Structure formats: structure tokens, C-alpha cells
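Visitor: generate a structure from the sequence data that follows.
(one chain, ligands or ions: 1)
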Amino acid sequence: MDFFEVINKRRSIRKFKPTPVARENIIKILDAANWAPSALNLQPWEFLVVTGDKKNLLGNNYGKIVDNYTKDWDEAPDKAFMPRREFMQFAQIYGGAPVIIIVLVAAHADPVYQKALLESASAAMENMLLAATALGLGGCWMTGPLEGETYLRDVLEISSDREIVAITPIGYPEVIPNPRPRLDPALTQKVRWLS
Ligand SMILES: Cc1cc2nc3c(=O)[nH]c(=O)nc-3n(C[C@H](O)[C@H](O)[C@H](O)COP(=O)(O)O)c2cc1C
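Guide: Numbering: from 1, shown residues only. Take a look at the predicted model:
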């Protein structure tokens, strides 16, 4: 797939086929992440690849978070970015994805340094999602599950000297959503050209 086609085809996938993802493809995705640019070339990212029982535990926890977060969505549908029932179905099993990848960085006391680490890990995260798209796979950048951070740390044995950046399910898309409209597709408001 051409690079710009990959960019345009990437979507947040929330419903996956049960088809397993070959280890070789997971490694390709992680390798793409590992090639991201990073502040001071620190390459600070670390990855947890979660399957099996631990993945199910993460789904149970995120399901509870989304249940609480969306409890008034039926009464106020304009607040909802997707129907509550659909969001719950996604959350409880991470859309049925066979794999979940979690991105970590070292926790740093200096906020300037910490920001640089998070930005570097975000570049890795995007590389990962683009690589997944190029392989016919899909993912969904997620920070909502971090509301259950204490639980995540416990289940995944993440020590306090690590920060959890984001989570993505990875799998073959069962449903590919339509592109979300761009706020400024002609880039007339978001860009200023200076000389
Ligand atoms: C930092 C960040 C956090 C996100 N957190 C969540 C999340 O917790 N749950 C979720 O379903 N989607 C999450 N998303 C995905 C966005 O909802 C999605 O990117 C947006 O709606 C645009 O859709 P698209 O990715 O298909 O273009 C997150 C995206 C980003 C960049």
C-alpha cells in the first residue's frame, strides 16, 4: 500500500475478526514503532503484548469504566460519539481483538523531560497504527482504559517507575468505520504560512 493510502485508510477499529495475528506481524508492527523519532534519540518506549486471560481481564476492567462513563448517553445522545451499547460491546472485549499492545515510558519527575518522553512514545504509537493498517490489520489508540490505571498496573505488573502512555487492540478489522470528517479539510484555518 502506498504511504498516503495507509495514512488515509487508517481508522480507529473497534470491531475485530477472531482471526489470530501472526507473531511475525506483531513484530513488524513493533519494529515500525521502534523506528519512530525520539527526543535525544532516547527511544524511550517499551511495549507489553497482551493475549489470553490477561487480555480478558483488561476487557472486564475497561467495560466497567465505559459503563460508568456513558451512563447518561441514552438520555443525551448528542453527547455520545457512538451509541452506548456499541461502545460497551467494544469495551468489554476490546472489540474482540486477539492482541492488545500497551506502550510505556519511564516516569520522569521533570515535566519537560516527561513531555519529551510522551511525545516520543506517541510517535511510536502512530507508527504502530500505520504499520497495522499497511498489514491489513487495525488498532485503536486508547487512553480511556488508563482510568483503571491501578488495576492495569496490578494485572500487568507495571512498576511505578513506568508511565502508561496508551493502549491499542490489534487485529483484523470486522468493521471499518467511515472516515471522520476533517474540521478544516482545506487547511485554511489551521495553517498560517509565514515568511
Ligand atoms: C490520545 C488519544 C486517545 C484516544 N482514546 C480513545 C479511547 O480511550 N477509546 C476509544 O474508543 N478511542 C480513543 N481514541 C480514538 C479516537 O476516538 C479517534 O482517533 C477519533 O475518533 C478519530 O477517528 P479515527 O481514528 O478513525 O480517524 C483516542 C485517540 C487518541 C489520539
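Visitor: next up, the contacts around the residue in the chain that the ligand sits nearest to.
Guide: Proximity of the chain to the ligand (C-beta to the nearest ligand atom) peaks at residue 144, 2.7 Å away. Bear in mind the C-beta positions are built from the backbone N, C-alpha and C, glycine included. Contacts for residue 144 (C-beta atoms under 8 Å, 6 or more residues apart in numbering) come out as 62, 65, 66, 69, 91.
Visitor: pretty sure the last one contacts residue 60?
Guide: In this case it means residue 91. No: between residue 91 and residue 60 there is no contact under C-beta atoms under 8 Å: 9.6 Å.
Visitor: of these two, who's got more company?
Guide: residue 91 (24 against 14; other C-beta atoms under 10 Å).
Visitor: on that earlier part again, ranking the contacts of residue 144 by neighbours, who comes first?
Guide: Highest count within those by other C-beta under 10 Å belongs to residue 62, 27 neighbours.
Visitor: contacts for whichever strand or helix holds that one, please.
Guide: Following DSSP states H and E, one finds residue 62 within helix 52-69. If you take C-beta under 8 Å, 6+ apart as the criterion, helix 52-69 is touched by 50, 87-88, 90-94, 97, 99-100, 144-145, 147-148, 151-152, 155-156, 167.
Visitor: now the angle from the helix or strand just after it to helix 52-69?
Guide: Per DSSP H and E, the first helix or strand lying C-terminal to helix 52-69 is helix 84-93. Angle of helix 84-93 versus helix 52-69, following axes from the mean of the first three to the mean of the last three C-alpha atoms, to 10 degrees, is 150 degrees.
Visitor: in helix 84-93, what counts as buried?
Guide: Counting neighbours by 16 or more other C-beta atoms under 10 Å, one finds that the buried residues in helix 84-93 are 84, 87, 89, 90, 91, 92, 93.
Visitor: distance from the chain centre to whatever helix or strand comes next after that helix, please.
Guide: Using DSSP H and E, the next helix or strand after helix 84-93 towards the C-terminus is strand 99-106. What separates the centre of strand 99-106 from the centre of its chain is 9 Å, taken as C-alpha atoms, centre = their mean, to the nearest Å.
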